[in-house]
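Visitor: show me the folded form of this:
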Amino acid sequence: MREQLLSAGLHEANGKPADVYVINTCTVTASADSDSRKFVRRALSLNPDAQIIVTGCYVEKDADAIKDICLDAVILKNNEKDNIASVIARSPEGATKQSPRSKEIASLPSVARNDVFFGISHFANHNRAFVKIQDGCDNYCSYCKVPMVRGRPRDRKKAGVVKEIKALVKNGFKEIVLCGICLGAYRDLTCLLAELEKIEGLERIRLSSIEPYYVDEKLIDTIASSKKICRHLHIPLQSGDNRILKLMNRRYTAPQYVKLINRIRVKMPDIAITTDVIVGFPGEAQEEFKNTLKALDAVKPMRTHVFSFSKRPGTKAFTMPGEPDKKEKSRRAGTVRRLAGEFASSYAKRFKGKAARVLVEGNRDKKTGLLTGYTDNYIKIFFDGPDALINEMADIRVERYGN
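Guide: As a prediction, this is how the structure comes out:
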């Protein structure tokens, strides 16, 4: 959306009061819903006369909550985002105000599209680019609202993906991250990866989150034999208890998950496995929680993202009984985070004294003034060096590790 509006002749306000505020919302948790509403209120406080456009997943089902805050807000559905440049000056029915520059904005040309999703040529303030290749999900995990607001899975055309990535590489991006609402559902991911391997100047290809049932031997072999695909897979676990996994409508058991990770490590011993865990799901008693800790101990992920269960209206889990109280969920989340810290330290320790290659970040570390960068297996490295290394690949040797 930023790129479309810049291409149409607008510019970012950069902290100054804006004529138009575009708020792209999320609804994956109750906290995300709350943050979305806060941003609307903040925009109103920054410039009460501004035009406010609210889009994203929250408005797909809860537009009324936005209207309660700002009656004049323009609600833009997800399938309208591609046309934001042409609808940005639209006033909702019954609105009493418009942006002071609404006529000027309305006269700006719309941006043409040539693919299922709008192509990106630059990512502001990033040195890795995120390329969306897939949208939608029909897994219907019992805690998840996403299928209700994103619809059924649909793939982007391979030619459009390749074209976009070539443009990004030409603009200086050396690493791209393939992402989607359900990345593994992309119909021929390994075929696309083979095409991307051929792009000159592209140093790294990273996969975002992928569900365990989409990680097959073909994908494992493709990553293992690749010179560009990062040795890093984010594979959500969510729970290590089989009964809770079934209540979550996850299509695997904890032993199957552990077995998958072991199969991956046979071919790539140093691969980084990162994961997601939900604590406090309805029906999760102490025994079920202990099973999650056991599964994590069997896998020892390099990094673990911990979420406390959040009720989402319309999902099956919304009415399930037996949800632990907030204090208990917080305690369990803390336990998982402490364990995750131990696994992270143990993983990093393995690379002491070894050579590594990092993509240098755009900003130095504020505390130390050192350059920072990530290895392909997503270990963050701090090191001394000149600014000329920024956004370049640097060869380093790991001397020590810490938190």
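
Visitor: for the stretch 51-200 of the chain, what spans make up the helices?
Guide: Under the criterion DSSP state H, counting those that start in this stretch, helices of the stretch 51-200 of the chain are mapped to 57-69, 84-87, 102-106, 146-150, 158-170, 189-197.

Visitor: for the fourth one, packing partners?
Guide: Packed against helix 146-150, as judged by 3 or more C-beta pairs under 8 Å, 6 or more residues apart in numbering; DSSP states H and E, are the following elements: helix 57-69. The C-beta positions use only the backbone N, C-alpha and C, and glycine is treated the same way.

Visitor: next, the buried residues of the helix it packs on.
Guide: Under the neighbour-count criterion of 16 or more other C-beta atoms under 10 Å, helix 57-69 has 57, 58, 59, 60, 62, 66, 67, 69 buried.

Visitor: and which of those residues is nearest residue 189?
Guide: residue 57 (23.8 Å; C-beta to C-beta).

Visitor: what distance do you get for the closest one to residue 144?
Guide: Distance of residue 57 to residue 144, computed by C-beta to C-beta, to the nearest Å: 11 Å.

Visitor: quickly list what's touching both of the two.
Guide: Here residue 57 and residue 144 have residue 28 as joint contacts, going by C-beta atoms under 8 Å, 6 or more residues apart in numbering.

Visitor: quick revisit: turn the buried residues of helix 57-69 into a markdown table, columns for distance to residue 250 and pLDDT.
Guide: As requested, the buried residues of helix 57-69 are exported to a markdown table (distance: C-beta to C-beta, whole Å; pLDDT from 0 to 100):
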| residue | distance to residue 250 | pLDDT |
| --- | --- | --- |
| 57 | 21 | 94 |
| 58 | 25 | 95 |
| 59 | 28 | 94 |
| 60 | 24 | 93 |
| 62 | 26 | 93 |
| 66 | 32 | 95 |
| 67 | 36 | 95 |
| 69 | 35 | 95 |
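
Visitor: of the residues you listed, closest to residue 355?
Guide: Among the buried residues of helix 57-69, and counting by C-beta to C-beta, the member closest to residue 355 is residue 57, at 42.6 Å.

Visitor: what's in contact with stretch 184-191?
Guide: Contacts of stretch 184-191 (C-beta under 8 Å, 6+ apart): 133-134, 136-137, 153, 155, 158, 178, 180, 183, 192, 210-211, 213-215, 218-219, 222.

Visitor: that should have said stretch 211-224, apologies.
Guide: 139, 182-185, 189-190, 193-194, 229, 231, 233, 235-236, 251-252, 256-257, 260, 263-264, 267-268, 271.

Visitor: which of those are buried? Put it as a PyMOL command.
Guide: Those of those that count as buried under 16+ other C-beta under 10 Å are selected in PyMOL with:
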select buried, resi 139+182+183+184+185+189+193+229+231+233+235+236+252+257+260+264+268+271
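
Visitor: which residues of the stretch 101-250 of the chain score low on pLDDT?
Guide: Residue ranges of the stretch 101-250 of the chain with pLDDT under 70: 101-118.

Visitor: mind listing the strands for it?
Guide: Assigned by DSSP state E, counting those that start in this stretch, the stretch 101-250 of the chain shows strands spanning 128-135, 154-155, 175-180, 204-207, 232-234.

Visitor: of those, which stretch is the most buried?
Guide: strand 232-234 (a mean of 23; mean count of other C-beta atoms under 10 Å).

Visitor: can you list the strands that that one pairs with?
Guide: strand 272-279 (parallel) (DSSP bridges).

Visitor: quick one: buried residues of the partner strand?
Guide: Using 16+ other C-beta under 10 Å as the burial criterion, the residues of strand 272-279 that qualify are 272, 273, 274, 275, 277, 278, 279.

Visitor: residues in contact with the following helix or strand past that strand?
Guide: Counting by DSSP states H and E, the next helix or strand C-terminal to strand 272-279 is helix 286-299. Defining contact as C-beta under 8 Å, 6+ apart, one finds that helix 286-299 is touched by 237, 239-244, 254, 257-258, 261, 273, 275, 277, 279, 304, 332, 335-336, 339-340, 343.
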